[in-house]
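Peer 1: can you look at this prediction? I've put the sequence above it.
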Amino acid sequence: MKRKSVLAILLSTALTVSTVTPVTAVAAEEPVLQTSQEELPAITDVGTEVNDLVDVSLEQTDEAAGNFRIVFTPDKEMADQFTKFTGKIWIGSEQDVKTAEVKEAVPVYDFTGQNIEKYVIDVEPQKEGELHYYIQPSVFIGEEEIELERLETTVVREAAKEEAAPVSEETQEAEIESRSSQMEITASVNASEKSVQITASGVEGEISKVQFPVWSEQNGQDDIVWYAGVKQEDGTWTVSVPVKNHKSTGNYAVHVYGIKDGKQQFLKATSFSISAPTMEHMSAGEISSNESFRVELQGVSAVSGVQKVMVPVWSQKDQSDLVWYEAKKAASGTYYADVKLKNHQYNEGTYSIHAYVTDENGIQSFVGGIEKSVSKTAGNYSAEEKGDSWKMTLSDASVPGGIKSIKYAVWSEKNGQDDIVWYESEKKGGSYTAEVKLKNHKSLGTYIVHVYAENKAGKMIILQANTFSVQSPKAGNVEITSKDINKGTFTVKVSGITNSSAVREVLVPVWCAADQSDIKWYTASRQSDGSYEAEVNIKNHKYHAGTYTAHIYFKDITGDMNFEGSTSCEMLFKAGDLSVKDTDGTQKRYQASIKNAEIPGGAKEICFAVWSETGGQDDIVWYTAKNGTANIEIKNHKTAGKYNVHAYAVAPNGDMIFLKGTTFNVDAMPGASSVQASNIDGEKGTFNVKISDILAPAGVSKVEVPVWCAGDQSDIKWYTANKNSDGTYSVDVEVKNHKNHFGTYQVHAYVTMENGIRGFVGATTASISAKNYIAVETIDASTVKVTVYNPNSGNVESVEFPTWSETGGQDDIVWYQGTRNRDGSWSATISADKHQDGGKFITHVYANYQGQKIGIGAVSYNLVSGAAARVNKHVNNIYNQVGRDLNACYWWCVNNLSYQTLPIHVTPPAGYTRDQWYSIMAFEQHRGNCFVYAAAFYQLAKGLGYDAQYVEGQVGMAAGGYGPHGWVIIRMNGASYICDPEAQDEIGRYNFYMQPVGNTVLQYKW
């Protein structure tokens, strides 16, 4: 804590100082909180600090032992403002303050015993050697702690010298005994026991100072005071001890200490006794009409005189109503106090009464106590039935302090106090009455009544606990009548009801679902004979079929619901008769029918679930019946074998009700007498497969022929056979459909009948060897691979593939040299980039053998020029990004290209037109001049099918004249429009998209 201005602290403290009777002491008749404002000392210097008002010093009391004393000497005018003085004491370093021991200083009185001279803390080192002490002194003003300037000191605690004989305890005791035997100490209590004169005689002359610590034995040394002795002319040391400086009566201890050569020595001890106050008798009288009783205390006395007598009184265990009364003294010498019940909330029960005497020394002592009973009178209670209400009456009751009002707490026994009602009473003479209305409660049966009196303090005191009973209505019989399954209705009847006048209504909850999800509550109608009926319709229960459960509840006049019984009603369906038949004997179509089925509430429709057992329910189909009949198409299932049929009724609520199930078999499978391969041609790479004499009871829908050559079937292809005029089926197989494989082909045949059932009908093989067979494999739009198999029966030294585009004749012919493959075939890769045009290409094949060029054959195919293929690839990528929309393509060019200065016209590589090469720059480099922007948009527009024109023309300049520029013209619906993506990028505030020719932002010339 930092050093503070004492005036600020004293002001804040003094303004809140108050003298209040202790928490347990309330002034007798009229409790008074007395507040006194302490008068502030005159301090003219606002900056005055506590260090200037308290002197702190260190005194050595025993040099050899290292003992020293911390002495606080406060300014005399300010001494009363300080609450206490403390010191934090530690050794080591300043950082070790966390190990400090905190001690509180004790007062030292002058020779009169009336005035405090100073406050001291004695410190006795526990270690030997040189010790460096840190002391942090503090003073308290109220609860505020103020730290003073920190002190330091170094002391030496000497160890016992080896050459000196140790002093035994006997020797020390002998020395003390010697000093004690040479002196005497007396403690004389005066007649009024207000002071004690202590005299020490025979004290050694070398003693420079004598101190007398004095304390009462009660509560240890909590009231110890050190008194400074005064040396008299006769050599004795005396001091007068005021008893008021201490806290207790009884035995007191007195020690005598002397200071010799700077060391404190114990000299002798004695004791004295202070008498406690006494009381002969204590009594409490009867309660008077003013709601109080008198406590009398007789024979109260104290040697020092009686200052005051206090009488604490309470009735609660936690003393929450404790009041301290100050007794008055009568002329007879008796003390008395009048206890008012209102000070104790008019509580009933046992009141505890104690007596305390404060003598003239200011010491308060307990002198005795008694108890007094304050009770109530319960009175007489009665309850009388009045139709739908009851009359409650209470008479001859009383409570301490009188009755302010009577209240009746009433509730039905069922479910505890969930329907409790408090009824106010009406006073008539000496009786209190209230009307209890049954409709205010939730149940009939036993009612509990508690009667409370409210006293004048507003406290509720229970007087009575009673009951009365009201009979609940009961059901005699519960039954089902008027059951009609076709309509889906039945009636629940309740009859033979007792105490029916107490019935407000009869409720009938009905349900069929196990989880009560279809529950409905019906309100039964009262019949002329006193019975109740509820009409139930299963449409209110989702048309569920099954067992319906009905419960009966009575709601009585209190609104209480009570279960009175239950019944049930069977509302079950009748499955009827289910049949399935093959309508025409071809196993194409079966007819399912169900008859004589009964559904509670009627069926919305009948459905048949049909599936074949093969593969589980993977082919299940639901058929809706018409008039109970549905046609089952086997082609919807496509499986032979056993079929399952389940019949369901659909209730009006959509619920599916299972009625019945049956099965039928589809066992007819297709067949064929032969599967043969013929017309095997190794040069064309073809052969023919024929399937003869097919047998299909359900008719032939199609014939399929899977064919493959590779062992892993990686080249398999399924052919659909064509029907011939003679009834056979055939397919033409080409090896080009099988990766141009040669060798043994596996051929299977499958027939699918018109009912969807497919069956294996036969297999064969075909061995085919290549002979001058030419195959074309497409690599990309502008590249193919031409391969010749077994050229010239293997008599080949090299193979050449002269190739040209049909456009312009053989002006772009290229002779490609073949490469021999591991299987003996020869191949060449043909690229349109090496030719002038795209379109149709022609390739001849020549084998060179023994100096001869032997013609093997020729083949034709179509290629896209290399430039066009490259452009088309980019165009399609952009379509994938923005879609096939002209406006989106225009803005792709604006947003994805950046301007770059280029020569006005560039020379494209061979095979490229200028617009193609400009567009490649746009698509691949994303930058360029106006011609690049225009060429990119031109290619995108042309690819979308627009009549587009790429233009290299001129545009008007801001400085005058014209400069070279590129743009695109779009022609549609007889009009022409200019699109200028580069200008759009450069001058974004104008629209350069689809500008009508003649009405453009810039001036265009071409």
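Peer 2: Looks like it came in fine. Residues are numbered from 1 along each chain as shown.

Peer 1: quick check: residue 596 vs residue 698, distance?
Peer 2: 32 Å (Cβ to Cβ, to the nearest Å). Where C-beta positions appear, they are placed from N, C-alpha and C, glycine not excepted.

Peer 1: looking at these two, which is more packed in?
Peer 2: The neighbour count for residue 596 versus residue 698, taken as other Cβ atoms under 10 Å, is higher for residue 698 (21 against 9).

Peer 1: isn't the more buried one up against residue 588?
Peer 2: Yes: assessed by Cβ atoms under 8 Å, residue 698 is found in contact with residue 588 at 5.1 Å.

Peer 1: find residues that contact each of those two.
Peer 2: 634, 754, 755 (Cβ atoms under 8 Å, 6 or more residues apart in numbering).

Peer 1: flag the shaky bits of the protein, pLDDT-wise.
Peer 2: 1-48, 111-113, 159-181 (pLDDT under 70).

Peer 1: which residue ranges form the helices in it?
Peer 2: Applying DSSP state H to the chain gives helices spanning 6-14, 169-182, 866-882, 886-896, 914-925, 930-943, 981-986.

Peer 1: columns distance to residue 394 and mean neighbour count on top of the ones you listed, output as TSV?
Peer 2: TSV is the format used below for the helices of the chain (distance: least, Cβ to Cβ, whole Å; neighbours: other Cβ atoms under 10 Å):
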stretch	distance to residue 394	mean neighbour count
helix 6-14	59	17
helix 169-182	80	12
helix 866-882	95	17
helix 886-896	95	18
helix 914-925	106	21
helix 930-943	104	27
helix 981-986	102	21
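
Peer 1: including distance to residue 441, could the ones you listed go into TSV?
Peer 2: Formatted as TSV, the helices of the chain follow (distance: least, Cβ to Cβ, whole Å):
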stretch	distance to residue 441
helix 6-14	62
helix 169-182	87
helix 866-882	78
helix 886-896	78
helix 914-925	90
helix 930-943	87
helix 981-986	87
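
Peer 1: and for residue 377, the neighbour number?
Peer 2: Quick note: residue 377 (other Cβ under 10 Å) scores 12 neighbours.

Peer 1: how close does it get to residue 400?
Peer 2: 10 Å.

Peer 1: also residue 815?
Peer 2: 135 Å.

Peer 1: verify the stated contact: residue 450 with residue 420.
Peer 2: No: Residue 450 is beyond contact range of residue 420, at 9.3 Å (criterion: Cβ under 8 Å).

Peer 1: next, show the common contact partners of those two.
Peer 2: Joint contacts of residue 450 and residue 420 (Cβ under 8 Å, 6+ apart) are 409, 410.

Peer 1: which residue of this protein sits farthest from its center?
Peer 2: residue 851 (92.0 Å; Cα atoms, centre = their mean).

Peer 1: next up, the contacts around residue 378.
Peer 2: So residue 378 contacts 397, 463, 464 (Cβ under 8 Å, 6+ apart).

Peer 1: of the residues you listed, which is the most crowded?
Peer 2: For the contacts of residue 378, neighbours tallied by other Cβ under 10 Å; top is residue 397, 21 neighbours.

Peer 1: in the stretch 451-600 of the chain, which spans are strands?
Peer 2: Taking DSSP state E, counting those that start in this stretch as the criterion, the stretch 451-600 of the chain contains strands spanning 460-470, 477-484, 489-495, 503-511, 520-523, 525-526, 532-537, 546-556, 561-571, 577-582, 589-595.
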